[in-house]
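1. Give me a 3D structure for the following:
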Amino acid sequence: MVIRNERSGQRRQDVIIMAPELLILLGAAVILQADLLPDKKFLLLPPVNFTIKAVNLAQVLLRWEPHPDQEQSNVQLGYHVKINAPQEEEYETRNTERSLVTILHKGFSASVQTVPWSDHSLQASSWVSAELKAPPGSPGTEIVNLTCTTNTKADNYTHFQPYQVSLHCTWLVGKDAPDDTQYFLYYRYRSRIEECQEYSKDVLQRNVACWFPRTFINSKGRDSLAVYVNGSSKEAAIKPFDQLFALHAIDRVNPPANVTAELKGTCLSIHWEKPVSAFPSHCFDYEVKIYNAKKGYFQTEKMTTNTLLTIIDDVSKYYIQVRAAVSSMCRVTGLWSEWSQPIYVGKDDQKPWTEWFLIAVMMTICFILLIFSLICRICHLWTKLFPPVPVPKSNINDFFVIINNEKTGSSETEVISYMEEAGFETLEDSVF
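-> Alright, predicted model coming up:
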């Protein structure tokens, strides 16, 4: 009994000793939890010094700073950016600047606000806005219908860049542009800018097209191509114009090279090489068009390889063409190339065109001669064109004298014929 009481007393003493420690741990946990919970009265202030600056052709830089009076806390802050013009767009970022590629001839405006990056229970700040005004110029003087195409050619002069990309752009003169207006074109790809040196002109000697035989454009790149056209005139301020192009949408792929076809019985084998392009062979889709000249129809086959085997009618002649496009596995699907030059296989029962031409010429000549002879017969043109030659007068005089003597009461008739020739006379008497 005594031992049991001693144990109980010992336990009470241990609890009394540990109580302060437990209270300290509980207080620390409460304080830590209070620090982790956001202050519901915490206010977010809008950014300051928000600016928009044009730093390149069709490129702007947006920059701002956090509000200097923003309270420091454990809440992570971010920014919500809204593009208002020329095209609405929104995004969120934790950075205080952003570079954007966009057209600028219509002006540019944007707004930004401070937002909580992770805790969406806090209310965002108010908006601050900035604007980049449209460049000056008289309305209706800027170019219209700007179109551009790129094309890849093999470059035999360098091994470091075996392909060169050309650029061709065309446009129409603004409807209110004065007659003395002159336009000038520039392009920007990434950080490289070039001015056009080869222009085509209209009847008023105004630039309406531009040709770059060599550019810094990478046909395999995914960056946008920026094209900028300004102008000058003594009568009005010409409004500039800019436009962005996606390379896959304007790249004019070359047709497949070295298309060949071989016919063995009814088995037709067609082979070709990939187009001249910086893309490798596996990056192309193909279409093969086989035209039956005898029956007047064609079939189209889609391929991902550069060989086609098919069964055809071996008694007809066929025209074969192939075209290509960069496949979606290597970039965004773009335009098809032009068809390759046709090649011909099979038999041709028809006459060559030279024989048909000779037949047509002969038939035409015969028809013309027939019509001419009919006209001559009807209108007596032959005798008018070729009158008969007069015959000289003959020394021989031929005459007949017929004397009919009728006697009264007599039925006897005497016919006397005289013929006189040179040197002699003949007399014939006939009495009936």
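
2. OK, contacts around the residue lying closest to Lys239 once chain neighbours are set aside?
-> Spatial nearest neighbour of Lys239, chain neighbours left out: Gly137 (2.6 Å); criterion: C-beta to C-beta, 6 or more residues apart in numbering. The C-beta positions use only the backbone N, C-alpha and C, and glycine is treated the same way. Residues near Gly137 by C-beta atoms under 8 Å, 6 or more residues apart in numbering: Ala237, Ile238, Lys239, Pro240.

3. Same question for Lys201.
-> Asn207, Val208.

4. so what's the backbone phi/psi at it?
-> As for Lys201, its main-chain torsions (degrees, to the nearest 10) stand at phi -120, psi 160.

5. Distance check, it against Thr181.
-> 12 Å (C-beta to C-beta, to the nearest Å).

6. on that earlier part again, could you identify which of the contacts of Gly137 has the most neighbours?
-> Ile238 (24 neighbours; other C-beta atoms under 10 Å).

7. Dig out what the residue nearest to that residue when sequence neighbours are not counted forms beta bridges with.
-> Leaving out its chain neighbours, the residue that sits closest to Ile238 by C-beta to C-beta, 6+ apart is Gly231, at 3.3 Å. Under DSSP bridges, the beta-bridge partners of Gly231 are Tyr183.

8. Please name the residues that touch Gly231.
-> Contacts of Gly231 by C-beta under 8 Å, 6+ apart are Thr141, Glu142, Ile143, Ala177, Thr181, Gln182, Tyr183, Phe184, Ile238, Lys239, Pro240.

9. got it, and Lys53?
-> The contact partners of Lys53, taken as C-beta under 8 Å, 6+ apart, are Val60, Leu61, Arg63, Leu132.

10. The third one touches Val48, doesn't it?
-> Read that as Arg63. No: look at Arg63 against Val48 with C-beta atoms under 8 Å: they stay out of range, at 11.0 Å.

11. The two: which has the busier surroundings?
-> Set Arg63 next to Val48 and count neighbours by other C-beta under 10 Å: Arg63 wins out with 17 against 13.

12. which SS class is Tyr79?
-> Of the three states, Tyr79 takes strand under DSSP: H, G, I helix; E, B strand; the rest coil.

13. Low-confidence regions, the stretch 51-200 of the chain specifically.
-> 157-160 (pLDDT under 70).

14. which residues of it fall in strands?
-> 59-65, 77-85, 89-93, 97-101, 108-116, 128-132, 144-154, 163-172, 182-189, 192-195, 199-201 (DSSP state E, counting those that start in this stretch).

15. packing partners for the fifth one?
-> Meaning strand 108-116. strand 48-56, strand 59-65, strand 77-85, strand 128-132 (3 or more C-beta pairs under 8 Å, 6 or more residues apart in numbering; DSSP states H and E).

16. Show me the one of those that comes nearest Asp155.
-> Nearest to Asp155 among the helices and strands packed on strand 108-116 is strand 48-56 (27.1 Å), distances taken as C-beta to C-beta.

17. What are the buried residues along that closest one?
-> Phe50, Ile52, Asn56 (16 or more other C-beta atoms under 10 Å).

18. nearest residue to the first one other than its sequence neighbours?
-> Right, the one you point to is Phe50. Once flanking residues are discounted, Phe50 sits nearest to Trp64: 4.1 Å by C-beta to C-beta, 6+ apart.

19. where exactly do the helices run in the chain?
-> Secondary structure of the chain (DSSP state H): helices at 2-36, 247-250, 353-379, 381-385.

20. Just give me the lowest mean pLDDT stretch among these.
-> Of all the helices of the chain, mean pLDDT reaches its minimum on helix 2-36 (a mean of 52).

21. Who are the contact partners of Phe108?
-> Phe108 neighbours (C-beta under 8 Å, 6+ apart): Ile52, Val60, Ile83, Ala85, Pro86, Thr102, Glu131, Leu132.

22. Try it again at 10 Å.
-> Contacts for Phe108 (C-beta atoms under 10 Å, 6 or more residues apart in numbering) come out as 52, 54, 60, 62, 83-87, 100, 102, 130-134.

23. Of the residues you listed, just the buried ones, PyMOL syntax please.
-> Remark: buried members of those, expressed as a PyMOL selection using 16+ other C-beta under 10 Å:
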select buried, resi 52+60+62+83+100+102+130+132
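
24. Of the contacts of Phe108, just say which sits nearest to Arg192.
-> Among the contacts of Phe108, and counting by C-beta to C-beta, the member closest to Arg192 is Ala54, at 17.5 Å.

25. List the single closest residue to the closest one in space, sequence neighbours excluded.
-> Per C-beta to C-beta, 6+ apart, closest to Ala54 is Val60, 5.5 Å.

26. Confirm for me that that neighbour is in contact with Glu131.
-> No: counting by C-beta atoms under 10 Å, Glu131 is not a contact partner of Val60; they are 11.1 Å apart.

27. Give the intersection of the neighbour lists for the two.
-> In contact with both Val60 and Glu131: Ile52, Phe108, Ala110, using C-beta under 10 Å, 6+ apart.

28. From the residues you listed, pick the one nearest Asn95.
-> Ala110 (14.4 Å).

29. so the residue lying closest to the closest one once chain neighbours are set aside bridges to which residues?
-> Leaving aside its sequence neighbours, Ala110 sits nearest to Ile83 (C-beta to C-beta, 6+ apart; 5.0 Å). Taking DSSP bridges as the rule, Ile83 bridges to Glu89, Ala110.
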